[in-house]
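Peer 1: following is a predicted model, sequence given first.
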Amino acid sequence: MSDAPDSTGSTLRSARLTVLAGPTAVGKGTVTAYLREHHPEVWISVSATTRARRPGEVDGVHYHFVTDDEFDAMVAADELLEWAVVHKQARYGTPRAPVLEVLASDRPALLEIDLQGARQVRERMPEARFVFLSPPSWEELVRRLVGRGTENEAERERRLDTARAELAAETEFDATVVNHTIPAAVEELVELMRS
Ligand code: 5GP
């Protein structure tokens with residue numbers, strides 16, 4: 001793939017950028033965690049988020065945990081390559097400067113973001129590689145989504161409707177990785193990033 005101008009007009013190796021997205025509960029976070037541990041050569045973008053930190057999460061490693069005001073300031077200063085409200089709960093966004101910096105080097109880079117974010121990156125950096133992480137089957141996704149059975153019927157239906165719409169987005173992507181097992185999915189992703 002050739003170098004291509006990015007939205008700032010400079011020539012950057014945007015082709016080295018891979019965007020991983022997929023339906024809720026498909027295991028994107030687990031895939032990224034495994035990748036971080038086993039493939040330190042891959043740079044993984046650290047998103048900013050307004051959601052609360054979970055136990056075990058480290059500020060600056062898993063996310064930049066910011067307040068609503070801080071997120072507003074990042075948006076106003078156009079510091080985010082993309083951002084979205086996820087699960088109607090919190091805002092998440094990709095800081096632009098670190099992405100541009102790493103693309104100026106030879107290091108492969110990965111964004112693990114939701115579908116809305118992936119579509120925004122596609123607008124701004126169409127030469128990036130877009131990979132869809134899909135579940136082994138619809139039944140397996142349903143099991144992961146509603147497996148605990150703690151939701152009421154309406155909530156269950158809402159989640160399944162969302163999942164159907166999210167799965168339909170696969171056709172917008174350059175490649176699909178099926179998440180049969182985490183290690184295999186990661187190796188396939190890394191292969192795609194190398195190709
Ligand atoms: P979690 O809160 O479970 O870590 O992530 C929730 C969702 O937010 C996941 O689907 C993840 O892909 C998405 N996400 C994480 N960072 C970003 C980001 O920078 N931008 C967008 N658009 N989505 C993100």
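Peer 2: Now that the structure is in, tell me what you want to look at.

Peer 1: and Glu112, what is it in contact with?
Peer 2: The neighbours of Glu112, taking C-beta atoms under 8 Å, 6 or more residues apart in numbering as the test, are Leu20, Ala21, Lys28, Gly29, Val31, Thr32, Ile44, Ser45. For every residue, glycine as well, the C-beta is placed using N, CA and C.

Peer 1: let's see which of those residues end up in strands.
Peer 2: Residues of the contacts of Glu112 located in strands (DSSP state E): Leu20, Ala21, Ile44.

Peer 1: now the one residue in the chain that gets nearest to the ligand, nearest residue through space, not along the chain?
Peer 2: Using C-beta to the nearest ligand atom, the single residue of the chain nearest to the ligand is Gly117, 2.4 Å away. Distances taken as C-beta to C-beta, 6 or more residues apart in numbering place Glu82 nearest to Gly117, at 4.4 Å, with adjacent residues excluded.

Peer 1: now that neighbour: which helix or strand?
Peer 2: When elements are assigned from DSSP states H and E, Glu82 belongs to strand 80-86.

Peer 1: buried residues, that strand. List them.
Peer 2: By neighbour count on 16 or more other C-beta atoms under 10 Å, the buried set for strand 80-86 is Leu80, Leu81, Glu82, Trp83, Ala84, Val86.

Peer 1: backbone dihedrals for Leu111, please?
Peer 2: Dihedral angles of Leu111 (phi, psi; degrees, to the nearest 10) stand at phi -110, psi 130.

Peer 1: for this protein, which spans come out with low pLDDT?
Peer 2: Judged by pLDDT under 70, the chain has its weakly predicted residues at 1-15, 148-150.

Peer 1: please, where are all the helices along it?
Peer 2: For the chain, the helices defined by DSSP state H cover 28-38, 68-76, 96-104, 115-124, 138-146, 153-167, 182-194.

Peer 1: with mean neighbour count and distance to Arg16 added, can I get these in TSV?
Peer 2: Below are the helices of the chain laid out as TSV (neighbours: other C-beta atoms under 10 Å; distance: least, C-beta to C-beta, whole Å):
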stretch	mean neighbour count	distance to Arg16
helix 28-38	16	15
helix 68-76	13	24
helix 96-104	17	6
helix 115-124	18	13
helix 138-146	16	30
helix 153-167	14	26
helix 182-194	16	8
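
Peer 1: out of those helices, which gets nearest to Ala90?
Peer 2: Evaluated over those, closeness to Ala90 peaks at helix 68-76, with 9.1 Å, by C-beta to C-beta.

Peer 1: run the chain-centre distance for the closest one.
Peer 2: Taking C-alpha atoms, centre = their mean, to the nearest Å, the mean C-alpha location of helix 68-76 is offset from the chain mean by 20 Å.

Peer 1: give me the contact list for that helix.
Peer 2: Ala48, Thr50, Val66, Leu80, Trp83, Arg91, Gly93, Pro95.

Peer 1: no further queries at this time; thank you.
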